[in-house]
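Asks: Predicted model, plus sequence, below.
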Amino acid sequence: MPTLFDTHLIDLHSQPSIQSHDLLTICALAESEGMSESLESYSFDQFLGLTIHLFITTQSQDTREQLAQQLTKFGSAAVAPMVKILWRMRSHRSLQLLAQNSLQQMAPFALIIGLSHVLDRETDDGLRTVAIQMLVKLMQDPEQSVLLSLPKLVSDMTWRLLKRHLLAEKNCPTDEVICFSHNLPVEMNIIFS
């Protein structure tokens, strides 16, 4: 169960960094795509939905690239829709690459929190596989300092799924923590012990 400190850490890193000029950019892009409805009363979730919709439906690569940059500013809320694009839009390689680049440009803690939400809420095994693979990749990146904060940023369910996945990768029975810990870098042994 997360402590009060962990809850504040999650709240802090879940916050979007989108600002009014970013929303105006999205509005201008929507207008250029023929959406002339009034956007002043849109909520955060509606703007995120609009941005995802435009990202998927636009025929303009330039517009799509601008939207991909804006999506990173929506914080952890943008992770689930972007993971869905990665999984469900496999036949649209350029769309997938932009979605992947957007996720890679996102702040690591926001990405981790969003991936944990995907693992907690989604029942589609494909989406869950994409999310767990992205978490493992983040853990293995030597430039990211997420490893020690990871247990504080993900749910207990995500933590168990992650451990189970890493055990399966090491070909260990799920109850053999000894096998697991001998095949991990020292930093990971500290966390998983």
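Replies: It's in. Just so we're clear, the structure is a prediction, and the values are computed from it rather than from any experiment.
Asks: residue boundaries of the helices in this structure?
Replies: For the chain, the helices defined by DSSP state H cover 4-14, 20-32, 44-57, 61-71, 79-88, 93-105, 108-121, 125-140, 150-153, 156-169, 177-182, 186-192.
Asks: weakest of these by average pLDDT?
Replies: With a mean of 39, helix 177-182 has the lowest mean pLDDT of these.
Asks: circling back to that earlier point, is it possible to get CSV of the helices of the chain that adds mean neighbour count and distance to S38?
Replies: No exception for glycine: its C-beta is placed from N, CA and C like everyone else's. Converted to CSV, those look like this (neighbours: other C-beta atoms under 10 Å; distance: least, C-beta to C-beta, whole Å):
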stretch, mean neighbour count, distance to S38
helix 4-14, 13, 28
helix 20-32, 15, 10
helix 44-57, 17, 12
helix 61-71, 18, 19
helix 79-88, 21, 23
helix 93-105, 17, 27
helix 108-121, 22, 29
helix 125-140, 17, 33
helix 150-153, 19, 37
helix 156-169, 16, 39
helix 177-182, 14, 55
helix 186-192, 13, 49
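Asks: Is there a neighbour count for E122? I'd like the number.
Replies: Neighbourhood size, E122 [other C-beta atoms under 10 Å]: 17.
Asks: any idea how far it lies from F47?
Replies: Distance of E122 to F47, computed by C-beta to C-beta, to the nearest Å: 22 Å.
Asks: Likewise for M35?
Replies: From M35 to F47 the distance is 12 Å (C-beta to C-beta).
Asks: what does L98 give?
Replies: Distance from L98 to F47, counting by C-beta to C-beta: 19 Å.
Asks: ditto for L111
Replies: 20 Å.
Asks: again, but for P108
Replies: 23 Å.
Asks: Equivalent analysis for M157, please.
Replies: 29 Å.
Asks: same check, this time on Q105
Replies: Distance from Q105 to F47, by C-beta to C-beta: 19 Å.
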